[in-house]
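In: Fold the stuff below for me.
(one chain, ligands or ions: 2)
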Amino acid sequence: MIKGFIFDLDGVITDTAELHFLAWKALADDMGWQFDRDVNEKLRGVSRMDSIGIIMEHNTVSLPEDEVAALATKKNDIYVASLDQITTEDYLPGARELLTHLRQEGFKVALGSASKNSTKVLQQLNATKYFDVIGDGNSVSKSKPAPDIFLFGAEKLDLKPAECIVYEDAESGVDAAKAGGFFSVGIGPKDRVGHADVCFSSMKEATLFEVKSHFKELF
Ligand code: G6P
Ligand code: MG
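Out: Numbering: from 1, shown residues only. Ligands and ions are numbered 1, 2, ... in the order given. Down below sits the predicted model:
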């Protein structure tokens, strides 16, 4: 029986991918590294340190660990400054409606994001009130595709994985949900999240009604 929902943040509740892109691009330009939207796509759902690793590998660059950490911090400072422009109008279409609906129907709701900036993003959206538990990049050490962040959320909600549906827009996020024994809803193209139990092209289609009809026997 489904009693709870766990949501990824970036790409599910709001689209911060563009802001991440601009911040990585500023750092890459500064360093003389190649970085474009195709490389940015590979960073979806990937932790900050793993992301800089991917960008450096793409540029066949290697640096001492402390320098890499300093560069990741530099990118983060640019990214955090850009979060001020997020407003309550910046939910992905359908996301606020779904969160409201879940509250009305009494489901338990957790956030399960890799981002260490989740609290700030939720505040900008005025979305903190929709969540019983905030699981973010500070909550666990192993990032997606490890299931830890979703297991953290389920445990705090006092639910078993099989009682929760995870919403994800990243390949690694769907992998993490499956590894943890959660039901999964993929948001985005089939070649990215087609391995989820059910896949919708956007949050607008992924309504409670649609999800209930798909997982009929679980409600
Ligand atoms: C999300 C995004 C990733 C980002 C990660 C860490 O999963 O999809 O692109 O790298 O969070 O974000 P942070 O805000 O901690 O740098
Ligand atoms: Mg995401």
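In: Buried ones in stretch 94-114, by neighbour count?
Out: By 16 or more other CB atoms under 10 Å, the buried positions in stretch 94-114 come out as 94-96, 98-99, 102, 107-114. The C-beta positions use only the backbone N, C-alpha and C, and glycine is treated the same way.
In: cool, and stretch 121-134?
Out: 121, 122, 124, 125, 127, 130, 131, 133, 134.
In: Let me know the closest of those residues to ligand 1.
Out: residue 121 (8.1 Å; CB to the nearest ligand atom).
In: Show the contacting residues for the closest one.
Out: Contact analysis of residue 121 by CB atoms under 8 Å, 6 or more residues apart in numbering lists 9, 10, 14, 16, 83, 86, 115.
In: So among those, where is pLDDT lowest?
Out: Least confident by pLDDT among those: that is residue 16, with 92.
In: quick revisit: between the buried residues of stretch 94-114, which is nearest residue 31?
Out: Proximity of those to residue 31 was ranked by CB to CB; the top entry is residue 114 with 23.1 Å.
In: in what helix or strand does the closest one lie?
Out: In the assignment (DSSP states H and E), residue 114 maps to no helix and no strand.
In: Residue 89 is in contact with residue 14, correct?
Out: No. Assessed by CB atoms under 8 Å, residue 14 is found out of contact with residue 89, at 10.1 Å.
In: what sits up against the helix or strand bottoming out on mean pLDDT in the chain?
Out: Every helix and strand of the chain was ranked by mean pLDDT, DSSP states H and E. The lowest is helix 37-41, at a mean of 94. For helix 37-41, the surrounding residues in contact (CB under 8 Å, 6+ apart) are 17, 20, 21, 24, 54, 55, 58.
In: So is whichever helix or strand comes after that helix next to ligand 1?
Out: Of the helices and strands lying after helix 37-41 in sequence (DSSP H and E), the nearest is helix 48-58. Yes. Counting by CB under 6 Å from any ligand atom, ligand 1 has neighbours in helix 48-58: 48, 51.
In: Appreciated, that's everything.
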